[in-house]
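Participant: Have a look at this prediction, sequence included:
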Amino acid sequence: MTVVGLDDTDSRERGMCTTYAAAELADRIRDSGGRVERLLLVRLNPAVEHKTRGNGALAVHTDLDADRAMALVRDVLDLAQTDDPRTNPGAVVADCAPDAVPPQVAEFTRDAIRAIQDITTATLLADTVGFARCQHGNGRGLVGALAAVGAWAALEDWTYEHIAYREADRWGTERAVDAESVRAAADRHYPAVWDTVDRASGYPVSVPRTPCPILYGIRGDDPEACRAVADAIESEPIDRRVTFVTNQGTDVHLQDGTVGAVADDSAYRVTGTVATAPETREGGHVFLSIADREARLQCAAFEPTKRFRDRVRALREGDEITVCGEVTDGTLKLEKFAVRELVRTEPATPTCPDCGATMSSAGRNQGYRCRDCSTSADGKVDRPIERDLEPGWYEVPPVARRHIAKPLVRGGFDGATHPER
């Protein structure tokens, strides 16, 4: 077996897409007499500065020998948008089975999903384990390419994305996709297929806005259901369709952390107590802080998370929560949170048990007294308060969800869930 990894063929302004390069490579492998076992779409650390959209790297698993695969991938890299100086494609070819890559390569994959990796480390590791490589420009794509090679051995939770590609002469033009057919198909196959449409806004999340070759991408846990949704969508002509195995929707980027021990450019799962009440600032962004006994951590729900901000605004000081998200400049950008314990009461001035009137202060440290009935109370009492939240997990809507973040509808969470559709 041979594993081919490739990355960084696309451009934010000029288009292209590394999934398309992988699909083209797969076709060329088949034309050369090889068999393609699977194509992987591997989402890496979403905090990487140089990403285009979802920071995806690709791998092709084939029985074609490594030398012939390398010759083909060199040609495919010529599809890269290298006129953009930020596009620096790279490819790695491993002469081994996908689940038999050296353990240090699998570890590199996990590190590339949860932290920032550099070109030098990727190059040295590829050379050390004897993997062939090729590149254009500074070879930044070698980082993602090597991570994609190690993904099958490194990861366990997999989902699917079925991608339809546009005819080449339509690239960069407005897409013709019937939104109502997308919504209807998404409803029929939910929850096996998820994040196809944002129901509140009606926006078809599965249809990109970039000048890339993708017409739409359907994500879910069942590849047949993904293809069924695609079959029901009315659209412009399709050039080709490919189903990728992917780590999208898995939360594999999250690592357990503590309030005082998080680092920029990584994503965490952290539990603490709400220490400052939610505050809406300029631009509609909502901020709060959580704390433990030693430190505080600022968290933010930014305007693009839309209605999720109302969930954040409903939190109060003293609530126990678990937050998830990427840390940038010391602030955790909320992707989801779990309510563990809610504050259910607040201190209130007591009422007179005889007449029902609100008591008055009897003086400093002397409690409260009813002026009419002469009844007294030692201090404030706990008054029940209504809460707009219940224990469990809350998430950003599909329109704001990162590719790698796990939708609540997939299950497996340590509490009740309140999914967004």
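Facilitator: That came in fine, so what should we check first? Computed from a prediction, not measured in an experiment: that's the story for all the values here.
Participant: would you say Gly272 is within a strand?
Facilitator: Yes. Checked against DSSP: H, G, I helix; E, B strand; the rest coil, Gly272 lies within a strand.
Participant: so how far is Val343 from it?
Facilitator: 14 Å (Cβ to Cβ, to the nearest Å). (Each C-beta comes from the backbone N, C-alpha and C, glycine too.)
Participant: neighbour count winner among the two?
Facilitator: Gly272 (23 against 15; other Cβ atoms under 10 Å).
Participant: burial count for the residue nearest to that one when sequence neighbours are not counted?
Facilitator: Leaving aside its sequence neighbours, Gly272 sits nearest to Ile290 (Cβ to Cβ, 6 or more residues apart in numbering; 3.4 Å). If you count neighbours by other Cβ under 10 Å, Ile290 ends up with 25.
Participant: In terms of helices and strands, where is Ile290?
Facilitator: According to DSSP states H and E, Ile290 maps onto strand 286-291.
Participant: cool, Cys299 as well?
Facilitator: strand 296-301.
Participant: how about the next helix or strand after that strand: buried residues?
Facilitator: With elements assigned by DSSP H and E, the helix or strand that comes after strand 296-301 is helix 308-313. Buried residues in helix 308-313, counted by 16 or more other Cβ atoms under 10 Å: 308-309, 311-313.
Participant: if we can go back for a sec, which helices and strands does the strand holding Ile290 pack with?
Facilitator: Helices and strands touching strand 286-291, by 3 or more Cβ pairs under 8 Å, 6 or more residues apart in numbering; DSSP states H and E, are strand 266-280, strand 296-301, helix 308-313.
Participant: who wins for proximity to Thr375 among these?
Facilitator: strand 266-280 (33.7 Å; Cβ to Cβ).
Participant: Just the CA coordinates for that closest one, please, in PDB.
Facilitator: Extracted in PDB, the C-alpha atoms of strand 266-280 (Å, rounded to 0.1, in the frame of the first residue of the first chain):
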ATOM      1  CA  SER A 266      -4.700  25.700  20.700                       C
ATOM      2  CA  ALA A 267      -8.300  24.600  21.600                       C
ATOM      3  CA  TYR A 268      -9.400  23.400  25.000                       C
ATOM      4  CA  ARG A 269     -12.200  22.000  27.100                       C
ATOM      5  CA  VAL A 270     -12.100  23.900  30.500                       C
ATOM      6  CA  THR A 271     -14.400  23.800  33.500                       C
ATOM      7  CA  GLY A 272     -14.800  26.800  35.900                       C
ATOM      8  CA  THR A 273     -17.200  29.200  37.600                       C
ATOM      9  CA  VAL A 274     -18.700  32.200  35.900                       C
ATOM     10  CA  ALA A 275     -16.800  35.000  37.600                       C
ATOM     11  CA  THR A 276     -18.100  38.100  35.700                       C
ATOM     12  CA  ALA A 277     -21.500  38.500  34.300                       C
ATOM     13  CA  PRO A 278     -21.900  38.400  30.500                       C
ATOM     14  CA  GLU A 279     -21.300  41.800  28.800                       C
ATOM     15  CA  THR A 280     -22.300  42.700  25.300                       C
END
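Participant: Show me which residues of it are buried.
Facilitator: 266-275, 278.
Participant: repeat for stretch 237-250
Facilitator: 239, 241-250.
Participant: Ala186 and Asp198 touch, don't they?
Facilitator: No. Counting by Cβ atoms under 8 Å, Ala186 stays clear of Asp198, with 10.1 Å between them.
Participant: Looking at those two, which is more packed in?
Facilitator: Using other Cβ under 10 Å, the more surrounded residue of Ala186 and Asp198 is Ala186, with 25 against 18.
Participant: gap between the more buried one and Val193?
Facilitator: 6 Å.
Participant: Output the below-cut-off pLDDT ranges for this protein.
Facilitator: 11-16, 50-54, 82-85 (pLDDT under 70).
Participant: now with 80?
Facilitator: The chain contains residues with pLDDT under 80 at 10-16, 49-54, 80-87.
Participant: Doesn't Glu107 belong to a helix?
Facilitator: Yes. Using three-state DSSP, the assignment for Glu107 is a helix.
Participant: To which secondary structure element is Leu332 assigned?
Facilitator: Here Leu332 is assigned to strand 331-341, by DSSP H and E.
Participant: That strand pairs with which strands, and in what direction?
Facilitator: strand 296-301 (parallel), strand 320-328 (antiparallel), strand 392-395 (antiparallel) (DSSP bridges).
Participant: tilt between the strand holding Cys299 and strand 266-280?
Facilitator: 80 degrees (axes from the mean of the first three to the mean of the last three Cα atoms, to 10 degrees).
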